[in-house]
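J.: Following is a predicted model, sequence given first.
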Amino acid sequence: MAYKVLLINPNARDLESEMRMLEERGLQMVGATCFKEAYDLLVKDGTIHVILTELIIPVKKRSKETLSGAELFGRFLAVRYEVNIFLFTHETDCAQFNTGGLINGYFHKGEEDFDDIAAKVKAEVISSKDRAPFFETLVEYARMDKDAWHTPGHSSGDSVKNSEYAGDFFRFFGENLFQSDISVSVPMLDSLLEPKGVIKEAQELAARAFNSRYTFFTTNGTSTSNKVLIQTLLKPGDAILLDRNCHKSVHYGVIVAGAEPLYLMPSVNNTYGIFGPVPKQRIIQSMDAALKAGKRLKVLILTNCTYDGLIYDIKDIVEQAHARGIKVIVDEAWFGYANFHRAFYPSAMAAGADYSTQSTHKTMSAFSQASMIHVQDPEFEGIREFFQENFNMQASTSPQYPMIASLDAARRQMAMEGYALLQRTLELAAALKKSINALKKFRVLELEDLLSDEVRNDGIRLDPTKLTIDVSASGYSSKEIEHLLLTKHNIQIEKSTFNTITVLITIGSNYSKLNRLVLALANIQRMSGARRESESAKTLRDFKLSLSRIRFLPRYAFYAASESVPMRDAAGRVATAMVVPYPPGIPLLVPGQLITEDILNALMTYRDYGVEIHGAPDGLLKVMTPAEEERLAGQGREMTPLELV
Ligand SMILES: Cc1ncc(COP(=O)(O)O)c(C=O)c1O
């Protein structure tokens, strides 16, 4: 593989001859004589993997102003975090300059050993990012074609290959999947539950790529990653501040940990039925209120970016939490690529958060369920064993190896070409936006449209790769459009609200898909004639939500004696299960919560609009029996309400 090196030398003539020497040794070269030129090349050319630079360089051509040492390297990393930086200089005493631990190596110019430079640069790129130790070992093992006297029962596909009834299963998935779907009894493939070999190495490479101290692979989605962290960081009775709109795995984690949830209401954009970020002041004031009330507040968890692509001013929030001794988990299920393009910086890790969880499968190239936990908590060593216990509690003892390999391969891809892929994704997103807006009856929402007033001054940004499209002018409801796209045009979108649809542009998108979507929308527009906005959409738009108090810890309620009652009879009772209209996916009820008329009205409005309601089978709600309520109250288990803003 010919790696591309950006060589920086203020002397243009020397630069040219050095480039030639290195090109002759198999490196691809681009050159710059000042920071500005180097910066422009880094922004434009995503295939640059390495920077070879002088210690001090002019900011611009012929300018007296210079940049050096840690400041210079920091500026490079602020554009492209994943590049390897080497010094190539006459300077012999680098220790006198503050290099901030940000460089990967040093070459002395006077020695003119270009063979050494070419060899070491290649070796560093390979050892730090261009390898996938687990994936490569799995391939090697599969090719050995060993006789299997262990699980899984299909024995490298032998049980299905010639079967009349399962041969199609084998042929569809192919030999490689069966050969690589092997059991944990193969030592050369390491153990996910106690990594010491190639999985450990793969995780270390991921930690480097994602800017964490430690990274752990999980094979049951970010749902598992979230539960592992919550169980690790919270003991029964500890409190956690969580966005009410966070993923249900967080709510389940709270139940298992026996923690006290302090819910933060997200901002709501009623015009489009979108739950946005939690207002910054609400987060800060709630931390203070909880601590003042004597709560054992240990953790703040937020989802960044939100499902609709709204990005918090996360660094400031992390600093505010840390100043109060509170750990921060950021659920980056939808934002795993944030460390690979400056359009999205900073990722949670770069912003100083203690933990982040990412669905590598959602937005990068890993298989479904493949997820990562990134750790930066300076106190992690003290809880590492407990973390491992919780990890083991949630993990399968038979993790799927192709899935682990996909994490390794997806990481390598992002470290090597993530910037270029994301650059292209951003260009595609801009092109798609322009084409959709040109259709007139469809409009891509801007940041200003998505924000509600309460978060307008919170420094929130929009991830341009998540496009929310207002479909109300088309006269079709979003559900009808979703249906038409799927059935008539073979296009599956990500989600919808009552008057919007959302599409994700990922590193796998391309101009063909883009234009198929535009043509499909143009066709729907033509068919819409003189239709008007549906009435049911308006009903949902005007509806307001006020949540009720939590009477008992979710854990007590979850395990309490309960009965099922029709929705209309449930007012005044205590929920023992989570009830979630989907979309939007925010739980209207969590175990332990008092059921009010307001909430029942909201549930019925959703139901009448045809929204799927999870947790209310046949319109019945699971509630605590009166005897159980009395028993728990008698034991002093009723919670003192904490009024959060
Ligand atoms: C914010 C958030 N966190 C976590 C998850 C769970 O991720 P996974 O599907 O990888 O289990 C999701 C899934 O949609 C999500 O939206």
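T.: Sure, I can see it. Quick caveat: nothing in here was measured; it's all calculated off a predicted structure. Numbering: from 1, shown residues only.
J.: what's near enough to touch the residue of the chain found nearest the ligand?
T.: The ligand sits closest to residue 221 of the chain, with a gap of 2.3 Å, by C-beta to the nearest ligand atom. (Each C-beta comes from the backbone N, C-alpha and C, glycine too.) Residues near residue 221 by C-beta atoms under 8 Å, 6 or more residues apart in numbering: 249, 359, 361, 368-371.
J.: Which stretches in the stretch 101-250 of the chain count as strands?
T.: For the stretch 101-250 of the chain, strands defined by DSSP state E, counting those that start in this stretch occupy the ranges 105-108, 214-218, 239-243.
J.: Packing partners of the first one?
T.: Just to be clear, that refers to strand 105-108. Counting contacts by 3 or more C-beta pairs under 8 Å, 6 or more residues apart in numbering; DSSP states H and E, strand 105-108 is packed against strand 84-89, helix 114-128.
J.: Need the ones you listed in JSON lines (columns: mean neighbour count and mean pLDDT).
T.: Output for those, formatted as JSON lines (neighbours: other C-beta atoms under 10 Å; pLDDT from 0 to 100):
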{"stretch": "strand 84-89", "mean neighbour count": "20", "mean pLDDT": "95"}
{"stretch": "helix 114-128", "mean neighbour count": "17", "mean pLDDT": "96"}
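J.: Make a markdown table out of these and add distance to residue 429.
T.: Converted to a markdown table, the helices and strands packed on strand 105-108 look like this (distance: least, C-beta to C-beta, whole Å):
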| stretch | distance to residue 429 |
| --- | --- |
| strand 84-89 | 29 |
| helix 114-128 | 29 |
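J.: Next one: residue 68 from residue 35, what distance?
T.: 10 Å (C-beta to C-beta, to the nearest Å).
J.: Could you name every residue contacting both of those two?
T.: residue 57.
J.: who has more neighbours, the two?
T.: Between residue 68 and residue 35, counted using other C-beta atoms under 10 Å, the more crowded position is residue 35 (23 against 16).
J.: Now residue 365. Nearest residue, chain neighbours left out?
T.: residue 410 (4.4 Å; C-beta to C-beta, 6 or more residues apart in numbering).
J.: confidence score at residue 184?
T.: Residue 184 is assigned a predicted lDDT (pLDDT) of 79.
J.: With residue 584 instead?
T.: At residue 584, the pLDDT value in this model is 65.
J.: Repeat that for the one 3 residues further on.
T.: Reading off the per-residue confidence, residue 587 sits at a pLDDT of 86.
J.: May I ask you to confirm that it is in contact with residue 577?
T.: No: taking contacts as C-beta atoms under 8 Å, residue 587 lies outside contact range of residue 577: 9.8 Å.
J.: Which residues are in contact with each of these two?
T.: By C-beta under 8 Å, 6+ apart, the residues touching both residue 587 and residue 577 are residue 615.
J.: Compare the two (neighbour count), which wins?
T.: The residue with more neighbours, out of residue 587 and residue 577, is residue 587; 23 against 20, by other C-beta under 10 Å.
J.: can you tell me which residues contact that one?
T.: Contacts of residue 587 by C-beta under 8 Å, 6+ apart are 244, 248, 251, 578-580, 615.
J.: now it: how far from residue 499?
T.: Applying C-beta to C-beta to residue 587 and residue 499 gives a distance of 23 Å.
J.: Now for the residue lying closest to residue 151 once chain neighbours are set aside: which residues touch it?
T.: Take residue 151 and drop its neighbours on the chain: the residue closest to it by C-beta to C-beta, 6+ apart is residue 183, 4.2 Å away. Each residue near residue 183 by C-beta under 8 Å, 6+ apart is listed here: 148, 150-152, 398.
J.: so which of those residues is the most crowded?
T.: residue 148 (18 neighbours).
J.: quick one: that one from residue 565, how far?
T.: 53 Å.
J.: Would you mark the buried spots in the lengthiest helix in the chain?
T.: Looking across the chain with DSSP state H, the single longest helix is helix 401-438. If you call a residue buried by 16 or more other C-beta atoms under 10 Å, then helix 401-438 has these buried ones: 401-426, 428-429, 432-433, 435-436.
J.: what's downstream of that helix, the next helix or strand?
T.: Using DSSP states H and E, the helix or strand that follows helix 401-438 in sequence is strand 443-444.
J.: Up against the ligand, what does this structure have?
T.: Listed as neighbours of the ligand in the chain under the rule C-beta under 6 Å from any ligand atom: 221-223, 226, 247, 249, 303, 307, 331, 333, 359, 371.
J.: Restricted to buried residues, select those residues in ChimeraX.
T.: Buried subset of the residues of the chain next to the ligand, written as a ChimeraX selection, criterion 16+ other C-beta under 10 Å:
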select :221,222,223,226,247,249,303,307,331,333,359,371
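J.: any chance of the residues of the chain next to the ligand in a markdown table, with pLDDT too?
T.: Rendered in a markdown table, the data for those read as follows (pLDDT from 0 to 100):
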| residue | pLDDT |
| --- | --- |
| 221 | 96 |
| 222 | 96 |
| 223 | 95 |
| 226 | 97 |
| 247 | 92 |
| 249 | 93 |
| 303 | 97 |
| 307 | 89 |
| 331 | 97 |
| 333 | 96 |
| 359 | 96 |
| 371 | 98 |
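J.: Alright, that wraps it up for me.
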